[in-house]
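S.K.: This is a predicted model, with the sequence first.
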Amino acid sequence: MMKTVRLTVAEAFANYLAAQKIEIDGKVEQLFGAAFAIFGHGNVTCFGQQLKNIEDKIPTWRGQNEQSMAIAAIAYAKANQRRRIGIATSSIGPGATNMITAAGIAHTNRLPLLLISGDAYISRLPDPVLQQPENFHNPSITCNDAFKPLTRYWDRIVSPAQIIQSLPHALNTLLDPETCGPVFIGLPQDVQGMAYDFPESFFADKVHRIRRPEPEMVVIEEAKEILLNAERPLIISGGGVHYSLATDELADFAEKHNIPVVETIAGRATMLQDNPLNAGPIGVTGSNSANYMAAHADVVLAIGTRLQDFTTGSWSVFRNPDMKLISINVAKFDAIKHMSHPVLGDAKACMTKLSGVLGDWRSAQAWADTAKVQADEWKVEVYRRTHPKKGELLPGTSSYAEVIGKLNTQMEKGDTVLTAAGGLPAELSMNWQNYQIGKFDIDFGFSCMGYEIAGGWGAKIANPDNDVVVLVGDGSYLIQNSDIYSSVLTGQKMILVVCDNGGFAVINKLQNNTGNESFNNLLEDCRRPDGELARVDFAKHAESQGAISEKLTSIDQFDAAFIRAKEADRTYVIVVDIDPVSPAAWSKCDCWWEVGLPEVTRNEGTEKKVADWQEGKNLQRRGV
């Protein structure tokens, strides 16, 4: 007879999570390495106590906002290359819905995240309960149903026995490279406390390993034939190369077959910058060197990327009408897009097999030499951007690029650089020089303002022995900053560089570049009382949360300030004023991006912008 143990649903849930392990480089660790929690009436009385009971295995960190703590869990998983997973748990109502944005980040970026939220009573006897928005036509719907479009697996536990089937499915979703993404489990308040005789074997320790799906050899052979006929092949390296732990294989494959490589934003730092085959970052937030290579390539081998519009210049970056696309991806959904020759499988496994059938074949040296010439020109441009001349910027201000240039020389091996929405992702992608593999995080899939500081906290928990340097604009800082306090409270030191350009400057730039007048983006263009413009003292604000902080009056002070930040014993914030409008304040490359413009224009300026936009659209690849 099967041995059973009588547990509440909350006990069983916690014990199951604690029993899950993962093998990484021969070492067995907890699969769920961190839990982030804000407790309320929907999760504190039952599930909260059980998290305390397993805190020797899964430490629980207190967040200040449900959205930001779930973002911290995402950054934790990303820093662990999807091999360790973060949990975020909330009460019902707004506590739950606050995490929907985080679910969007994880879903878009193919990152594992376990979301556990309280839910309304299954019995419905106390309905409507506090924070329960009632649905008039379907009483089974709660606000937790809003997670369904943004999760890869969704369930609501209405009977204790369900978790025996549901939790293994949830685990498989989180661990399978093809389906990897957010999982949501709703735990109704009454169900959490229900008892059931669970099989003891359900709670036995289980060691997981990330699977490596192998490609079909017939498909590999077909890809080989396409490459053998290529005169100008190009590799696009995406985030999947990181998650496959395939950066060595990428370098080996490129060097053996003499194929230039360009990187997506998620694929930044998959290859060192001094590799002569690294032609730089591709796309709207990339480099002229990479975009030149893409424009002239006749075969593109895309590895571990979903080829979003910032990578492809809204599909205008490939100028050869006969260009053939080979897409290596573990997810069929991503591999078959864009009229590609799909190769389904793990990036490392696919590169190894494809290299084997290619044998000693190498692409033309002249093409590889072109990549180096183009990349060297890009590096000269990066130096110019990161060292602006006197008078190019407004007095007392710096530029994103100048700050990035200083970080690129001052950060140490093992340190992570992290940013997200606004102007900083483009500037970091365009100007960063990879001195180490990985340790680079830009959320530009969901492009979520507010990811930066919360993500920095999660990345630091994943990298306790090295610094995490967060680049954040004043706009994102104001949207979500309370994890400065989280980092101080929990002893997880970060270095924050706050770049203050007085508003949403990158959107103001987009506004102006499309023929529109500045409105409601820069603080000076917002509806406000006449008189002195109110500005936030970010240094004092950060200091009020327990951080050490300083406001620079000149960029010449940055190097010394960064040394002080490195030596500090807790989170350190450096505030720099950034020029929001001067042309030298913004990096750019030759790449078109599709934005919605009016078919009917009311002034000559907008008419000219629309005409220029149409020229770019004429280069757009069809049928994608």
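M.R.: That came through, no problem. Residues are numbered from 1 along each chain as shown.
S.K.: contacts and neighbour counts: CA atoms only from here.
M.R.: Fine.
S.K.: so where do the strands sit in the stretch 451-600 of the chain?
M.R.: 468-473, 495-500, 548-551, 572-577 (DSSP state E, counting those that start in this stretch).
S.K.: what's the third one packed up against?
M.R.: Counting contacts by 3 or more CA pairs under 8 Å, 6 or more residues apart in numbering; DSSP states H and E, strand 548-551 packs against helix 538-544, strand 572-577.
S.K.: buried residues in the first one?
M.R.: Same thing as helix 538-544. Neighbour-count burial for helix 538-544, counted by 16 or more other CA atoms under 10 Å, picks out 538-540, 542-543.
S.K.: swap in stretch 179-197?
M.R.: Quick answer for stretch 179-197 (16+ other CA under 10 Å): 179-193, 195-196.
S.K.: Tell me, domain by domain, which residues of the protein belong where.
M.R.: 4-208, 217-379, 387-585, 594-624 (automatic domain parsing).
S.K.: Contacts made by the lengthiest helix in the chain with the rest, please.
M.R.: Using DSSP state H, we find that the single longest helix of the chain is helix 365-386. With contact meaning CA atoms under 8 Å, 6 or more residues apart in numbering, helix 365-386 is reached by 232, 258-260, 276-280, 287-290, 292-293, 401-406, 430-431, 584, 587.
S.K.: want to try TSV for the strands of the stretch 451-600 of the chain, with distance to Ala462, mean pLDDT and mean neighbour count as columns?
M.R.: Below are these laid out as TSV (distance: least, CA to CA, whole Å; pLDDT from 0 to 100; neighbours: other CA atoms under 10 Å):
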stretch	distance to Ala462	mean pLDDT	mean neighbour count
strand 468-473	10	98	28
strand 495-500	15	98	24
strand 548-551	22	98	20
strand 572-577	19	98	25
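S.K.: if we compare these, which one ends up closest to Cys448?
M.R.: Nearest to Cys448 among these is strand 468-473 (11.7 Å), distances taken as CA to CA.
S.K.: Partner strands of the closest one and their direction?
M.R.: Here strand 468-473 is paired, per DSSP bridges, with strand 416-419 (parallel), strand 495-500 (parallel).
S.K.: where does it sit relative to the chain's centre, distance-wise?
M.R.: A distance of 14 Å separates the centroid of the chain from that of strand 468-473, by CA atoms, centre = their mean, to the nearest Å.
S.K.: Kindly report the same for stretch 617-624.
M.R.: Distance, centroid of stretch 617-624 to centroid of chain: 27 Å (CA atoms, centre = their mean).
S.K.: Check for me that Asp441 belongs to a helix.
M.R.: No - secondary structure assignment (DSSP: H, G, I helix; E, B strand; the rest coil) places Asp441 in strand, not in a helix.
S.K.: Could you pull up the contacting residues of the closest residue to it other than its chain neighbours?
M.R.: Excluding the flanking residues, the one nearest Asp441 by CA to CA, 6 or more residues apart in numbering is Leu418, at 4.6 Å. With contact set as CA under 8 Å, 6+ apart, Leu418 has these partners: 440-442, 452, 455-456, 468-471.
S.K.: Kindly reformat those residues as TSV and extend each row with distance to Leu552.
M.R.: What follows is the contacts of Leu418, written out as TSV (distance: CA to CA, whole Å):
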residue	distance to Leu552
Phe440	25
Asp441	25
Ile442	25
Glu452	21
Gly455	24
Gly456	22
Val468	20
Val469	17
Val470	17
Leu471	15
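S.K.: For stretch 556-568, buried residues please.
M.R.: Result for stretch 556-568 [16+ other CA under 10 Å]: buried residues 558, 561-562, 565-566.
S.K.: Reformat those as CSV; add distance to His387.
M.R.: Shown next, in CSV, are the buried residues of stretch 556-568 (distance: CA to CA, whole Å):
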residue, distance to His387
Phe558, 13
Ala561, 18
Phe562, 18
Ala565, 22
Lys566, 23
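S.K.: Just the ones of those residues in helices?
M.R.: Those of these lying in helices (DSSP H): 558, 561-562, 565-566.
S.K.: low-scoring stretches of the stretch 201-350 of the chain, by residue?
M.R.: For the stretch 201-350 of the chain, no stretch has pLDDT under 70.
S.K.: Where do the strands of it begin and end?
M.R.: Going by DSSP E, counting those that start in this stretch, the stretch 201-350 of the chain shows strands at 206-208, 233-237, 261-263, 278-281, 299-303, 324-329, 341-344.
S.K.: Reformat the ones you listed as JSON lines; add mean neighbour count.
M.R.: Formatted as JSON lines, the strands of the stretch 201-350 of the chain follow (neighbours: other CA atoms under 10 Å):
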{"stretch": "strand 206-208", "mean neighbour count": "16"}
{"stretch": "strand 233-237", "mean neighbour count": "28"}
{"stretch": "strand 261-263", "mean neighbour count": "30"}
{"stretch": "strand 278-281", "mean neighbour count": "30"}
{"stretch": "strand 299-303", "mean neighbour count": "25"}
{"stretch": "strand 324-329", "mean neighbour count": "26"}
{"stretch": "strand 341-344", "mean neighbour count": "24"}
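S.K.: Next, the distance between the ends of stretch 538-551.
M.R.: Start and end residues of stretch 538-551 are separated by 8 Å (CA to CA, to the nearest Å).
S.K.: who's in contact with that stretch?
M.R.: Counting by CA under 8 Å, 6+ apart, 482, 484-485, 488, 498, 561, 570-576 sit against stretch 538-551.
S.K.: The helices and strands packed on strand 548-551: which one's closest to Ser159?
M.R.: The nearest among the helices and strands packed on strand 548-551, by CA to CA, is helix 538-544 at 45.8 Å.
S.K.: could you give the mean pLDDT of that closest one?
M.R.: For helix 538-544, mean pLDDT is 98.
S.K.: give me the low-pLDDT residue ranges for the protein?
M.R.: 623-624.
S.K.: center of it - which residue?
M.R.: Geometric centre of the chain, nearest residue: Asp443, 3.2 Å, by CA atoms, centre = their mean.
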